[in-house]
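**Q** dropping the sequence and predicted coords here.
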Amino acid sequence: QVQLVESGGGLVQAGGSLRLSCVASGRTFSSYAMGWFRQAPGKEREFVVAINWSGSSTYYANSVKGRFTIARDNAKNTVYLQMNSLKPEDTAAYYCAAGTVAAGNSRLYNYWGRGTQVTVSS
């Protein structure tokens, strides 16, 4: 069992930056691929970025490529999402998830956090 807790969300102006963190419980964090997804009001949850267990491979949605960066620290059981050049369309609840494969399909993730809200004003 893995429990995930996100933090770091907030209100930021367009063009600004935020860094989200996701801390995992348990001693098996390093065996999981991690992903970030987001869901805006009235929209389906969408893939943002994923990272494999070692951090050697990352996968980004086209909408965030070049602006967002994912990283993980297995010693701290933490995955980070650095978000730069934020746009109003990035406004959403952001969720981290743990799974066996670093991929964009949300069904491949077994554990989910409760989310942290990111609001980007224009």
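**A** Perfect, thanks for sending it.
**Q** excluding covalently adjacent residues, which one is nearest to the residue nearest to the spatial centre of the chain?
**A** For the chain, the residue nearest the mean C-alpha position is Trp36 (2.5 Å; C-alpha atoms, centre = their mean). For Trp36, the nearest residue in space outside its immediate sequence neighbours is Val48; the separation is 4.3 Å by C-beta to C-beta, 6 or more residues apart in numbering. In this view, the C-beta of every residue, glycine as well, is placed from N, C-alpha and C.
**Q** what sits against the one you found?
**A** For Val48, the set of contacting residues under the criterion of C-beta atoms under 8 Å, 6 or more residues apart in numbering consists of 35-38, 60-61, 64, 68, 81, 94.
**Q** those: which two are farthest apart?
**A** Distances among those were taken as C-beta to C-beta; the most separated pair is Tyr60 and Tyr94, at 14.3 Å.
**Q** the more surrounded of those two?
**A** Under the criterion of other C-beta atoms under 10 Å, the comparison of Tyr60 against Tyr94 puts Tyr94 first, with 23 against 19.
**Q** mean confidence for the strand or helix carrying the more buried one?
**A** Secondary-structure element containing Tyr94, defined by DSSP states H and E: strand 92-99. Averaging the model's pLDDT scores along strand 92-99 yields 98.
**Q** mind checking how far the very next helix or strand once past that strand is from the chain centre?
**A** Beyond strand 92-99 in the direction of the C-terminus, DSSP H and E gives the next helix or strand as strand 109-112. Relative to the chain's own centre, strand 109-112 is displaced by 12 Å; criterion: C-alpha atoms, centre = their mean, to the nearest Å.
**Q** show me what strand 109-112 is packed against.
**A** strand 92-99 (3 or more C-beta pairs under 8 Å, 6 or more residues apart in numbering; DSSP states H and E).
**Q** if we go to 10 Å?
**A** Based on contacts counted as 3 or more C-beta pairs under 10 Å, 6 or more residues apart in numbering; DSSP states H and E, the elements that strand 109-112 packs against are strand 4-7, strand 33-39, strand 92-99.
**Q** right, I'll leave it there.
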